[in-house]
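> Got a sequence here, can you build the structure:
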Amino acid sequence: MTIYLPIAELSVNIFIILGMGAAVGFLSGMFGVGGGFLITPLLIFYNVPPAIAVATGANQVVASSISGAITHFRRGTIDLKLGTVLLVGGLFGATLGIWIFAVLRTLGQLDLVISLLYVVLLTSVGSLMMIESVHAIRRARRNETPAFTRTQHNWVHKLPFKMRFKKSKIYLSIIPVVGLGFGVGILTSVMGVGGGFIMVPAMIYLLRIPANVVVGTSLFQIIFVSTYSTIVQAITNHSVDIVLAFILMLSGVVAAQYGVRVGQRLKAEQLRALLAIMILAVGMRLAIDLFLPPADLYSIAHAGALQ
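From the prediction side, this is the model:
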């Protein structure tokens, strides 16, 4: 069954789009990430223009994150105070990211920059996560204590302006928390990602936040930053395809609930290893598409579509 996407100006198979939304929604609930790092490349692979894929993919991130966050809220695994501080930084970062997005689009370099950012970011983060996950799995098999449990504090914990987060049971400076939210906010607007694949490892290894509240708190922040980014993108850049967004959200919300249930049954190191494999796979596929010559060297398009 084929439908027409008015903003993307493209006809697509509705079942393929439903499948994409369900797959990313499931993974979002399972790993505690928004899923934008997967849905945006998948849409690009399906010939959706990158500008449309970035802005519209954020809608699916919102839907999947809400679905997963509701489950975590019921289980009491969200630190609302910590999530709010992350949110403050995220909103400022998203505002800057939307401006960068508009500038790059005006210069005609948006598609190239998005692809390059995905390749660099996904391969870097995926490689680091994979290395750490392998070490963690080996330690678990040998019943060894992780190294960071013996040294709980690092330079981050020596920064000023500290705040106590009772739910997470930590006393931490708000500077790195706001900074993390700010960086993720920029990525949300420029790349259409929720940022969970960066936020989750950073909260665990850099901020030393207990793993039991990391996933839910990450989803909480992603909901509001992605919603803000989507609304502003639609108003300023007119790059959100409502039809495509609705189909992605429809399947993503349902699948996220099942993802949360599966994620509860797996060990933390196993989840991180699986997430690292997926991040690396997407990054490598984008790199191949970026550096190999296209099948069609020239394309025909209306002048108005390029603006």
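> For the lengthiest helix in the chain, buried residues please.
Scanning the chain for the longest helix, with DSSP state H as the assignment, gives helix 110-142. Residues of helix 110-142 classed as buried by neighbour count (16 or more other Cβ atoms under 10 Å): 110-111, 113-115, 118-119, 121-123, 125-126, 129-130, 132-133, 136. C-beta: built from backbone N, CA, C; applies to glycine.
> do the same with stretch 158-170
Using 16+ other Cβ under 10 Å as the test for burial, stretch 158-170 gives 165, 167-168, 170.
> what do you get for stretch 226-235?
226-230, 232-234.
> pLDDT averaged over that stretch - what is it?
The pLDDT scores in stretch 226-235 average 78.
> And it, how far out from the chain middle?
15 Å (Cα atoms, centre = their mean, to the nearest Å).
> Disregarding residues adjacent in the polypeptide, which is nearest to Ala202?
Nearest residue to Ala202, sequence neighbours excluded (Cβ to Cβ, 6 or more residues apart in numbering): Leu180, at 5.5 Å.
> I'd guessed that neighbour sits against Val200; true?
No - counting by Cβ atoms under 8 Å, Leu180 stays clear of Val200, with 10.7 Å between them.
> can I get the CA coordinates of the next helix or strand after the longest helix of the chain in PDB?
Helices and strands here follow DSSP states H and E; after helix 110-142, the next one along the chain is strand 162-165. In PDB, the C-alpha atoms belonging to strand 162-165 read as follows (Å, rounded to 0.1, in the frame of the first residue of the first chain):
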ATOM      1  CA  LYS A 162      26.500  21.400  43.700                       C
ATOM      2  CA  MET A 163      22.900  20.100  44.100                       C
ATOM      3  CA  ARG A 164      21.600  17.100  45.900                       C
ATOM      4  CA  PHE A 165      19.500  14.700  43.800                       C
END
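> Return the list of strands paired to the helix or strand that comes right after strand 162-165, each annotated with direction.
Next helix or strand after strand 162-165 toward the C-terminus (DSSP H and E): strand 170-173. Take DSSP bridges as the rule and strand 170-173 pairs in its sheet with strand 162-165 (antiparallel).
> The partner strand: how far from the chain's middle?
Put simply, strand 162-165 sits 26 Å off its chain's centre (Cα atoms, centre = their mean).
> who's in contact with it?
With contacts defined as Cβ atoms under 8 Å, 6 or more residues apart in numbering, strand 162-165 is touched by 79, 81-82, 85, 170-174.
> List the buried residues in the helix or strand in which Leu38 is found.
In the assignment (DSSP H and E), Leu38 maps to helix 36-45. Neighbour-count burial for helix 36-45, counted by 16+ other Cβ under 10 Å, picks out 36-44.
> I'd like these laid out as CSV, including distance to Ile277 and pLDDT.
Formatted as CSV, those follow (distance: Cβ to Cβ, whole Å; pLDDT from 0 to 100):
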residue, distance to Ile277, pLDDT
Gly36, 18, 65
Phe37, 13, 70
Leu38, 12, 75
Ile39, 17, 77
Thr40, 18, 77
Pro41, 15, 78
Leu42, 16, 80
Leu43, 21, 82
Ile44, 20, 78
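> between these, which is closest to Leu10?
Leu43 (10.1 Å; Cβ to Cβ).
> Against His238, how distant is the spatially closest residue to that closest one that is not a sequence neighbour?
Once flanking residues are discounted, Leu43 sits nearest to Ala53: 3.8 Å by Cβ to Cβ, 6+ apart. In this view, Ala53 and His238 are 15 Å apart by Cβ to Cβ, to the nearest Å.
> With neighbour numbers in mind, choose between those two.
Between Ala53 and His238, counted using other Cβ atoms under 10 Å, Ala53 has the larger neighbour count: 28 against 11.
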